[in-house]
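> Just to be clear, the model below is a prediction. Sequence and coordinates:
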Amino acid sequence: MEKTALESNAAAMVAPSKGILAADESSGTIKKRFDKIRLESTFESRRAYRELLFTAPGAEKHISGVILYDETIRQKASDGRPFPELLAARGILPGIKVDAGAKALAGFPGETITEGLDGLRERLAEYRGMGARFAKWRAVIDIGGGIPTGFAIEANAHALARYSALCQEASIVPIVEPEVLMDGDHTIERCEEVTDAALTAVFDALFLHRVHLEGIVLKPNMVIAGKKCAVQAAPQQVADATLRCLRRRVPAAVPGIAFLSGGQSEADATLHLSLMNRGGKLPWQLSFSYGRALQQSTLDAWRGEASNVTAAQKTFLRRARLNGLARSGAYEAAMEQAAA
Ligand code: 13P
């Protein structure tokens, strides 16, 4: 295992004033996003959209890495350059989603286990040859009546640790993503309790599987009330609860934490990150690895029209810049109103 390469790539992924773009939507998920702008999802429309994101002028100032999907890592820009090569030339690390999705966990109604370990060693070797320097695996923990069970939390932590060990063997930094969903009607207190249990299980498993913590990036949810909860926590409460939970459960050896946005609005995801980064000295870099919270307004500006590409790239750059400011706590909600 090349510890130094893992460590330097992990540090680059969470470098100050930058964050990761999650552009690894599966074909099913990107279709849902395109449906909203009434655009047909085809091999070419998906390619054109990813080219728009990856070639946005100036994005490398705020984007440290991009998570690609299997189809995307094999696609090329209009000038014929493979996407991983194009990104690397801009100083952006290419990454790859390697899990095969969250599937129903047999015997545990309403719960899931993320699949994709079989053959993973061989797939990692192939992706590394294509330029991938980091990978992503997403475990999904839902909150509801009687769930999550301790068993589902453990099973998902075990899979995350097996994936992480295989990544490091292949000199690929694993993004470790245990996502507690914000879809339910649960309170912020319940989210904190479940996030705490999930992170405890994940770090126990990473230790048992001999994962080198200096060479991972953690991608957690923020501690936040469910979308359907009648009582929504104030931004400062989200920041405080999230930091409290992470301080208790994430070892200082981990170089960085890059949040998922999980269905928060673009402005909320940026504000929460900024407030957390104003909270004084932290043991790790506190960054972003947003999908929807970096892309929503860009998709709306683009709508599949070639004539909108320049405007959409400006929109993307603005979102990336605002999140870059949030890395040092310098973002203010009032900046949303300022001209692009
Ligand atoms: P969201 O920021 O849209 O939650 O996506 C991040 C991600 O990669 C989820 O796996």
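Sure thing, it's come through. Numbering: from 1, shown residues only.
> switch to C-alpha atoms for all contacts and neighbour counts from now on
Fine.
> Around the ligand, which positions in the stretch 201-340 of the chain sit nearby?
For the stretch 201-340 of the chain, the residues in contact with the ligand (CA under 6 Å from any ligand atom) are 260-263, 290-293.
> which of those are buried?
Among those, those buried by neighbour count (16 or more other CA atoms under 10 Å) are 260-263, 290-293.
> So which of those belong to strands?
Using DSSP state E, the members of these that fall within strands are Tyr290.
> For the closest residue to the ligand within the stretch 1-150 of the chain, give me its contacts.
Proximity of the stretch 1-150 of the chain to the ligand (CA to the nearest ligand atom) peaks at Ala22, 4.8 Å away. Contact analysis of Ala22 by CA atoms under 8 Å, 6 or more residues apart in numbering lists 66-68, 289-291.
> run the last query once more with 10 Å
Going by CA atoms under 10 Å, 6 or more residues apart in numbering, Ala22 touches 65-69, 95-97, 136, 260, 288-295.
> Look up which residues are beta-bridged to the residue nearest to the spatial centre of the chain.
Nearest to the mean C-alpha position of the chain, by CA atoms, centre = their mean, lies Ser289 at 3.7 Å. Going by DSSP bridges, Ser289 is paired in beta bridges with Ile20.
> Please look at it and Gly19 and confirm they touch.
Yes. Assessed by CA atoms under 10 Å, Ser289 is found in contact with Gly19 at 6.0 Å.
> so where is this protein shaky, pLDDT-wise?
1-3, 339-340 (pLDDT under 70).
> could you pull out the helices for it?
Shown for the chain, the helices assigned by DSSP state H span residues 3-13, 27-36, 43-54, 70-73, 83-89, 120-129, 150-169, 188-208, 235-249, 266-277, 292-302, 309-326.
> Now tabulate those in TSV and tack on distance to Met335.
Putting those into TSV (distance: least, CA to CA, whole Å) gives the following:
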stretch	distance to Met335
helix 3-13	25
helix 27-36	26
helix 43-54	22
helix 70-73	33
helix 83-89	29
helix 120-129	39
helix 150-169	37
helix 188-208	27
helix 235-249	16
helix 266-277	10
helix 292-302	15
helix 309-326	8
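> Could you verify my assumption that Trp137 touches Thr114?
Yes. The pair Trp137 / Thr114 is scored as a contact, 8.1 Å apart, by CA under 10 Å.
> re earlier: return the member of the buried ones among the residues of the stretch 201-340 of the chain next to the ligand nearest to Ile147.
Gly262 (18.8 Å; CA to CA).
> What residues does the closest one make contact with?
So Gly262 contacts 179-183, 220-222, 269, 290-293 (CA under 10 Å, 6+ apart).
> Against Val223, how distant is it?
Distance from Gly262 to Val223, counting by CA to CA, to the nearest Å: 11 Å.
> just Gly129 next, same as before
37 Å.
> and the closest residue to Glu115 other than its chain neighbours, how many residues sit next to it?
Take Glu115 and drop its neighbours on the chain: the residue closest to it by CA to CA, 6 or more residues apart in numbering is Ala100, 5.2 Å away. By the criterion of other CA atoms under 10 Å, Ala100 has 13 neighbours.
> Dihedrals phi and psi, Ala100?
phi -100, psi 20 (degrees, to the nearest 10).
> Quick check, Ser27 in contact with Ser41.
Yes. Ser27 lies in contact with Ser41 (CA under 10 Å); the separation is 8.0 Å.
> related to what we said a few turns ago, of the helices of the chain, which is nearest Leu105?
It's helix 150-169; of these, that one is closest to Leu105 (CA to CA) at 7.8 Å.
> Show me how far the closest one is from its chain's centre.
17 Å (CA atoms, centre = their mean, to the nearest Å).
> Next, the buried residues of it.
Neighbour-count burial for helix 150-169 [16+ other CA under 10 Å]: 152-169.
> just those residues that are near the ligand?
Answer for the buried residues of helix 150-169 near the ligand: none qualify (CA under 6 Å from any ligand atom).
> Just list the residues touching the closest residue to Leu166 other than its chain neighbours, thanks.
Using CA to CA, 6+ apart and skipping the chain neighbours, the partner closest in space to Leu166 is Arg121 (6.2 Å). Shown in contact with Arg121 (CA under 10 Å, 6+ apart): 163, 165-167, 169-170.
> and the closest residue to Lys61 other than its chain neighbours, what are its phi and psi?
Closest residue in space to Lys61, ignoring its immediate chain neighbours: Lys18 at 6.8 Å, by CA to CA, 6+ apart. Main-chain dihedrals, Lys18, degrees, to the nearest 10: phi -130, psi 170.
> Could you check how far Lys18 is from Leu199?
From Lys18 to Leu199 the distance is 24 Å (CA to CA).
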